[in-house]
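Q: Pasting the sequence and the predicted coordinates here, then a few questions.
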Amino acid sequence: MEVEGLCSFRKLIASLVSPNHDDVPPLTCILLKSSTSLTFVFFTPSACGMLGYINFEEIRKRDEKNLLDGYLDTEVDWIPAMKGARLKDLPTFLRTTNPSDAMFNYNIVKVNTAMHAKGVILNTFEDLESEVLDAIRAKYSNVYSIGPLSMLFKQLSNSNTQLESIDLNLWKEDNKCLEWLDKRDRSSVVYVNFGSLVIMTPKQLSEFAWGLVNSKYHFLWVIRPNLVHNNNNNGNGKLSDEYVNVIERCERGLVLGWCQQEKVLCHASIGGFLTYCGWNSTLESICEGVPMACWPFFTEQQTNSFYACKKWGIGMEIECDVKREQVEGLVRELMEGQKGKEIKVYKLEGLI
């Protein structure tokens with residue numbers, strides 16, 4: 001796989017420097033996410049996620065019995081900057097009893113490879129993850145934070161019209177939601193988006209759906225065509241006819257396939273973000289000062305959620321086994337409760 005990947009990479013570079021592509025800006029720098037011989041590595045997860053991956057091998061040695069027995073509530077009290085974290089708050093690839101598990105070993109190899117580079121670049125910033133960055137630098141000093149990249153891109157776009165043509169989305173956007181948001185009051189809408197990879201069951205979809213409606217708040221919900229899988233493993237992201245009729249009657253909800261998240265989160269009508277805690281989404285929410293309701297799915301999303309809710313105090317977590325009553329209550333607390341106000345005023349405003 002790695003050999004094939006190297007061949008493909010060489011072909012890509014050759015095509016980029018080809019004189020036949022006059023419309024392509026010149027290639028000036030290459031940042032590799034992973035390789036066997038590296039100068040600098042751009043590590044795309046959060047610093048707290050990286051700290052989890054760095055300690056995978058040691059966690060396996062210390063907590064193998066708890067992992068084997070499924071005691072994921074066991075606290076991991078020996079990792080600097082992770083006080084209070086449990087096994088279930090660490091990147092989910094750790095949850096295996098198979099020492100040959102492909103993803104477990106892949107992450108160990110790639111992190112160790114990165115640590116042998118001349119430097120590691122992270123999309124984060126010191127005011128947010130200083131404690132975590134210090135813990136990483138205790139093992140590897142050449143770590144550089146250059147984030148949030150979303151803010152950097154926005155600044156560069158204002159002065160460079162060429163960047164306006166760059167599309168950062170994987171799905172076709174539906175921009176009608178911006179007009180819909182323009183008609184809503186300030187901080188009155190909950191934005192819901194579970195990213196491009198999360199898969200949920202029809203029951204989970206239903207619990208979120210009724211929880212949002214019962215909260216009595218306006219909501220903008222992105223539902224990808226392949227968000228939901230049924231027991232036959234067939235894509236089925238369709239809401240029930242009953243539910244569609246309810247949101248049409250109450251006129252509080254708008255459901256669409258995809259949107260420009262960066263434009264939605266900075267809209268004045270957005271008051272909360274129900275998210276899966278992917279790192280880009282987490283950073284974008286922080287940059288726009290939007291409190292988060294967190295439902296992490298896999299990889300280091302659990303770690304991001306732990307830090308957002310327990311360490312940084314900018315979010316509230318929803319149980320993995322989601323219930324509509326909890327969704328309803330948490331949305332209300334996020335939008336109108338004391339906790340939501342504290343997050344917005346005392347936490348988020350002090351970060352950016």
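A: In hand now; what should we look at? Numbers count the residues shown, from 1 in each chain.

Q: count of neighbours near G253?
A: G253 has 23 neighbours, counted by other C-beta atoms under 10 Å. The C-beta positions use only the backbone N, C-alpha and C, and glycine is treated the same way.

Q: Can you name the residues bridging to it?
A: F219 (DSSP bridges).

Q: contacting residues for it?
A: For G253, the contacting residues are L212, V213, H218, F219, L220, W221, I247, by C-beta atoms under 8 Å, 6 or more residues apart in numbering.

Q: Let's have those in JSON lines, adding distance to Y106, neighbour count and pLDDT.
A: Listed next are these as JSON lines, based on distance: C-beta to C-beta, whole Å; neighbours: other C-beta atoms under 10 Å; pLDDT from 0 to 100:
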{"residue": "L212", "distance to Y106": "36", "neighbour count": "24", "pLDDT": "95"}
{"residue": "V213", "distance to Y106": "41", "neighbour count": "19", "pLDDT": "94"}
{"residue": "H218", "distance to Y106": "42", "neighbour count": "24", "pLDDT": "96"}
{"residue": "F219", "distance to Y106": "37", "neighbour count": "23", "pLDDT": "96"}
{"residue": "L220", "distance to Y106": "36", "neighbour count": "23", "pLDDT": "96"}
{"residue": "W221", "distance to Y106": "33", "neighbour count": "20", "pLDDT": "95"}
{"residue": "I247", "distance to Y106": "42", "neighbour count": "18", "pLDDT": "79"}
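
Q: ok, so of those residues, who is nearest V290?
A: The closest of the contacts of G253 to V290 turns out to be L220 (C-beta to C-beta; 12.2 Å).

Q: How about the contacts made by the residue nearest to the spatial centre of the chain?
A: Among the residues of the chain, the one closest to the centroid is G278, at 0.8 Å (C-alpha atoms, centre = their mean). G278 makes contact with G195, Q301, N304 under the criterion C-beta under 8 Å, 6+ apart.

Q: top of these by neighbour count?
A: N304 (29 neighbours).

Q: now that residue, nearest residue through space, not along the chain?
A: Nearest residue to N304, sequence neighbours excluded (C-beta to C-beta, 6 or more residues apart in numbering): C277, at 4.3 Å.

Q: for F40, same thing?
A: That would be G119: by C-beta to C-beta, 6+ apart, it lies 4.7 Å from F40.

Q: Tell me which residues touch the one you found, please.
A: Per C-beta under 8 Å, 6+ apart, neighbours of G119: T39, F40, V41, N142, V143, Y144.

Q: Only whichever of the residues you listed are buried, select them in PyMOL.
A: Command for PyMOL that selects the buried part of the contacts of G119, burial taken from 16 or more other C-beta atoms under 10 Å:
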select buried, resi 40+41+143
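
Q: hmm, which two among the contacts of G119 are most spread apart?
A: Farthest pair in the contacts of G119, by C-beta to C-beta: T39 and V143, 14.5 Å.

Q: Got the domain ranges for the chain?
A: 29-147, 176-350 (automatic domain parsing).
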